[in-house]
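Participant: output the structure for:
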Amino acid sequence: ETENLSIAGQWRELDIFNNGIAKSMAWRILPRTAGIVMALRDANTMVMGGSKVSLMEPGTVVRPHTGRTNARLRIHMGISIPDGAFIRVNNETRTWTEGRCTVIDDSYVHEVWHNGDETRIVLIVDIWHPELDLERRVEGMTDPHALEMYRSMLEDPKMVLEMQGVPKAIIPDRFISEHDD
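Facilitator: Predicted coordinates:
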């Protein structure tokens, strides 16, 4: 989803999930972070987005763009936020705070720029829009592979993660959903 978006500087991402597939580089480099994200039902079933660690070098500018669907919300958690890093969604400009989450609807026009002097690092986790129940999620999926992945992950996330090659030590014992107390 980042192809051709950066118009200056350097922006890299380490995928944890991409369209429902767990990515091995993430669980090798960041096993604890990958395990936490894997435990989130709305993240591990998100087949129309992903979860990643986003690294942005000083001088980077990401052009205004929109996400591919309004079926998701995007959680940004600041990990390392130097002065001079900003995001604008619609007409609202903000920065991140280390250790705090900001939720955006990336179906709105948004852009990012970094005028600081150190690398900006943000954990990004896509989740299902809370206004979509299971039926509406399924109705919105036109890709049969995505629908199969979604249903499999709902039914038995441990099995799916094992089939994707995720080491058992990283697969969560418990999966958390919005309906848990």
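
Participant: show me what the longest helix along the chain is packed up against.
Facilitator: Scanning the chain for the helix with the most residues, using DSSP state H, yields helix 144-155. On a contact count with 3 or more Cβ pairs under 8 Å, 6 or more residues apart in numbering; DSSP states H and E, helix 144-155 meets helix 134-139, helix 157-163. C-betas here are computed from N, CA, C, even on glycine.

Participant: list the buried residues in it.
Facilitator: By 16 or more other Cβ atoms under 10 Å, the buried positions in helix 144-155 come out as M149, Y150, S152, M153, L154.

Participant: any idea how far the third one is from V62?
Facilitator: So that's S152. Computed with Cβ to Cβ, to the nearest Å, the distance linking S152 and V62 is 33 Å.

Participant: ditto for L123
Facilitator: Relative to V62, and taking Cβ to Cβ, L123 is found at 17 Å.

Participant: and for the residue nearest to S107 when sequence neighbours are not counted, the neighbour number?
Facilitator: Nearest non-adjacent residue to S107, counting by Cβ to Cβ, 6 or more residues apart in numbering: N70, 3.8 Å away. Residues lying near N70 (other Cβ atoms under 10 Å) number 15.

Participant: got the phi and psi for N70?
Facilitator: Here the main-chain torsion angles of N70 (degrees, to the nearest 10) amount to phi -100, psi 10.

Participant: any residues touching stretch 7-16, and which ones?
Facilitator: Applying Cβ atoms under 8 Å, 6 or more residues apart in numbering, the contact partners of stretch 7-16 are 2, 5, 22-23, 25-27, 29-30, 33-34, 37-38, 50-63, 114, 124.

Participant: I am finished for the moment; much appreciated.
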